[in-house]
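Asks: Fold the following and give me the result.
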Amino acid sequence: MSLFGKSKPKGITQEELIFIKGELRNGDHKLTETQTNQLLARLGGYMDAENMQHPEWQQMSESEVAQFDQQLEADQLLHLTPDQKAKAEALFKKYIDIDKHRSIF
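Replies: Residues are numbered from 1 along each chain as shown. A predicted model of the protein is given here:
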C-alpha cells in the first residue's frame, strides 16, 4: 500500500485499452480500424484479475504482454507492417510502465 492507496501490479488495465486504441489509430504508422479492433479483441482475452485481493482490477500482466508480443510477431492474419508492430510494442511498454495506484483522495 502506498500513500495514494493500494498499488496495482505492473500491466495494462482494461481502462487503458481505450487510450491504446486511440494511439494505434493516430500518428505515424497508424493501424486500420479492422486491425485495431482485432488487436484489442485479442488483448481483451488476456484481461483477468492479477491480484486476487482485488478481482475488480482487470489487467494484462507484464509477462502476458511479453507473450502477446511474441504472438504478434508470428501473426500473419493482422497484416501488420514491421513499423506497425513496433508501434504496438512501444505502446504496450509505455502502458506497462505507467504507475498504477488507487487514490484515497
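Asks: any idea which helix or strand of the chain has the worst average confidence?
Replies: Ranked by mean pLDDT, DSSP states H and E, the weakest helix or strand in the chain is strand 48-49, scoring a mean of 72.
Asks: Next secondary structure after it?
Replies: Heading C-terminal from strand 48-49, the first helix or strand you meet, by DSSP states H and E, is strand 58-61.
Asks: what's that next one packed up against?
Replies: Using 3 or more Cβ pairs under 8 Å, 6 or more residues apart in numbering; DSSP states H and E, the elements in contact with strand 58-61 are strand 11-13, strand 48-49. (Glycine included, C-beta is placed from N, CA and C.)
Asks: and among those strands, the most buried is which?
Replies: Most buried of the helices and strands packed on strand 58-61, by mean neighbour count (mean count of other Cβ atoms under 10 Å): strand 11-13, with a mean of 23.
Asks: in the helix or strand following it, what's buried?
Replies: Next along the chain after strand 11-13, taking DSSP H and E as the criterion, comes helix 17-24. Residues 17, 20, 21, 23, 24 are the ones in helix 17-24 that count as buried (16 or more other Cβ atoms under 10 Å).
Asks: Tell me the one among these nearest to residue 77.
Replies: Nearest to residue 77 among the buried residues of helix 17-24 is residue 24, at 16.4 Å by Cβ to Cβ.
Asks: my guess is that closest one contacts residue 89, does it?
Replies: No - at 11.4 Å, residue 24 and residue 89 do not qualify as touching, with contact defined as Cβ atoms under 8 Å.
Asks: Mind giving me the packing neighbours of the helix or strand containing residue 70?
Replies: Assigned by DSSP H and E, residue 70 falls within helix 62-74. Judged by 3+ Cβ pairs under 8 Å, 6+ apart, the packing partners of helix 62-74 are strand 11-13, helix 33-44, helix 82-97.
Asks: Kindly calculate the angle that it makes with helix 82-97.
Replies: If you take axes from the mean of the first three to the mean of the last three Cα atoms, to 10 degrees, helix 62-74 sits at 180 degrees to helix 82-97.
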